[in-house]
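*Asks:* sequence below, structure please.
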Amino acid sequence: MNIQTIKSEVKKVLGSKIFKGVIYLLGIFIVASFIFEAGVFVGFNKASFGRDWNDKYTENFGPAQRGKFMMGDNFDNSRDLPNAHGAIGKIIKIELPTIIVMDDKDQVEKVILINDKTDIREMREKINKEDFKVDDFIVVIGSPNQQGQIEAKLIRVLPDPMFDNNLPVNTNVIPVKK
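*Replies:* So this is what the prediction gives:
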């Protein structure tokens, strides 16, 4: 066989519908595998935070009381896991560099760890961590750590929606000033 014959045979195989179909299916399989792995990664991180939060409950909050997030009869559904990447609620305790927030959505206390890279704002103005007060309503975005805490990347102090006259009671909508 000469090189020209080999080249024409390779072109025939590469141009065939079967080869194109196999490549197409292989591409779909690879994309589906990446999507599956992303879902596993997200689920694992959420479950790890819930486990870490439970394991460190006594260390972070004192003696545990049997409740929604304690291992046992009530811990049978992954929807009961707390949000690992943030909190929305009132500050209930300040012990810098950590603050404890009662999360409105999850109805659990969350330990928020503040560091020098944390961006802290009141509405749009930059403030210091020393400006926090108990009962401040905050929104926290961050990452979970192995101690069941949230390492804050952004903390924003907002008006409490429960007491803002422009909002109906029990809403998390921030009013737009006219």
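
*Asks:* from here on, just use CA atoms for contacts and neighbour counts.
*Replies:* Will do.

*Asks:* what about the nearest residue to D119 once chain neighbours are set aside, neighbour count?
*Replies:* Spatial nearest neighbour of D119, excluding adjacent residues (Cα to Cα, 6 or more residues apart in numbering): L154 at 4.7 Å. L154: 16 surrounding residues under other Cα atoms under 10 Å.

*Asks:* how near is L154 to V140?
*Replies:* Using Cα to Cα, to the nearest Å, L154 is found at 6 Å from V140.

*Asks:* how far away is G50 from I114?
*Replies:* 20 Å.

*Asks:* what's the answer for S8, then?
*Replies:* 66 Å.

*Asks:* who's more crowded, those two?
*Replies:* I114 (21 against 11).

*Asks:* any chance you could map the strands in this structure?
*Replies:* Assigned by DSSP state E, the chain shows strands spanning 86-95, 98-103, 109-113, 119-122, 125-126, 137-144, 150-158.

*Asks:* just say which of the ones you listed is most tucked in.
*Replies:* strand 109-113 (a mean of 25; mean count of other Cα atoms under 10 Å).

*Asks:* strands paired with that one, and their directions?
*Replies:* Partners of strand 109-113 in the sheet, by DSSP bridges, are strand 98-103 (antiparallel), strand 150-158 (parallel).

*Asks:* ranges for the helices of the chain?
*Replies:* 3-15, 17-55, 57-61 (DSSP state H).

*Asks:* and the gap between the residue positioned nearest the centre of the chain and I120?
*Replies:* Nearest to the geometric centre of the chain sits H85, at 2.8 Å (Cα atoms, centre = their mean). The gap separating H85 from I120 is 16 Å, by Cα to Cα.

*Asks:* likewise for L96?
*Replies:* 14 Å.

*Asks:* between the two, what contacts are shared?
*Replies:* Applying Cα atoms under 8 Å, 6 or more residues apart in numbering, one finds that L96 and I120 are jointly contacted by K129.

*Asks:* need the pLDDT of the closest residue to I120 other than its chain neighbours.
*Replies:* Spatial nearest neighbour of I120, chain neighbours left out: I155 (4.8 Å); criterion: Cα to Cα, 6+ apart. For I155, the model assigns a pLDDT of 94.

*Asks:* now do the one 4 residues further on
*Replies:* According to the per-residue confidence, P159 scores 85 in pLDDT.

*Asks:* quick thing: my sequence starts at 765, can you match it?
*Replies:* In the new numbering, first residue 765, that becomes P923.
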